[in-house]
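Participant: Let's see this in three dimensions:
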Amino acid sequence: MTLYGCAKVAIHAVSRLVWRVRVEGAQNVPAVGPLIVACNHVSLLDPPILGAYCPRPLRYMAKRELFTIPLFGPLIRAVGAYSVDREGSALGAVKRSIEILRSGEAIGIFPEGGRNPSGEARAREGVALLASLGKAPVIPAAIVGSSRALRLHAMKVVFGPPLRLDGGRKATRDELAKFTATVMGEIRALAEGVNRVGTPHA
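Facilitator: The predicted structure is shown next:
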């Protein structure tokens, strides 16, 4: 078993026991081909939880500084993370992401660019740009309950149906903005749907 597979099994075991994680909509995730999974981000637990419960392995961008941390840097590299320089040009990260998508792999993205507990941060258009250039569908996803993990609150991970941006030509700036808004709207709808019903308590 790969290190990614081992980590996934371990996170499954711990999270189901501690936070009673439940999953909905996993059947919406295509089994093969380039894919972007775009999710809300309120907790440091979100990346490992999303990666563990997505049916496919996910690659994540991570800030360059994390790869210099002893043990942690080699670990995240071993499970598929790749670096991005937040202070420099984003061109390198975009090119690397497109290479990953064109090789048929899946990328996990948090469109707000970082944790956004208040929900007020403006989403960046990177997810739309990669969907256009990488010719990849986007699966909106929501994690509910991770912000209350310290209180052992139950969590739920929900995957929505795929969204597609016309990949036959280069998208305009207006199209990228509208697609970003659509993705974020679907993510919010998924989270609100869980909140209306309530996260599982057992």
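
Participant: tell me which residues of the host helix or strand of C6 are tucked away?
Facilitator: C6 belongs to helix 3-18 when elements are defined using DSSP states H and E. Neighbour-count burial for helix 3-18, counted by 16 or more other C-beta atoms under 10 Å, picks out 4, 7-8, 11, 15. Using the backbone N, CA and C atoms, a C-beta is placed for each residue, glycine as well.

Participant: Same question for stretch 21-31.
Facilitator: By neighbour count with 16+ other C-beta under 10 Å, stretch 21-31 contains the buried residues 21-22, 24-25, 28-29.

Participant: and the residues you listed, which two are the farthest apart?
Facilitator: Spatial extent of these (C-beta to C-beta) is set by the pair V21 and N28 at 17.5 Å.

Participant: what ranges of this protein fall below the confidence cut-off?
Facilitator: Under the criterion of pLDDT under 70, the regions of the chain flagged as low confidence span 86-89, 113-123, 167-169, 195-202.

Participant: ok, now with 90
Facilitator: Applying pLDDT under 90 to the chain picks out residues 1-5, 7-8, 41-44, 61-96, 112-126, 145-153, 165-173, 192-202.

Participant: What's the local residue count around G80?
Facilitator: Per other C-beta atoms under 10 Å, the neighbour tally for G80 reads 20.

Participant: Does it fall in a helix, a strand, or a coil region?
Facilitator: Following DSSP: H, G, I helix; E, B strand; the rest coil, we place G80 in the coil state.

Participant: Please report phi then psi for the closest residue to it other than its chain neighbours.
Facilitator: In space, G80 comes closest to R59 once its chain neighbours are excluded; the distance is 4.5 Å by C-beta to C-beta, 6 or more residues apart in numbering. When quoted as degrees, to the nearest 10, the phi and psi of R59 stand at phi -100, psi 140.

Participant: try K95
Facilitator: Recorded main-chain torsions at K95 are phi -60, psi -40, according to degrees, to the nearest 10.
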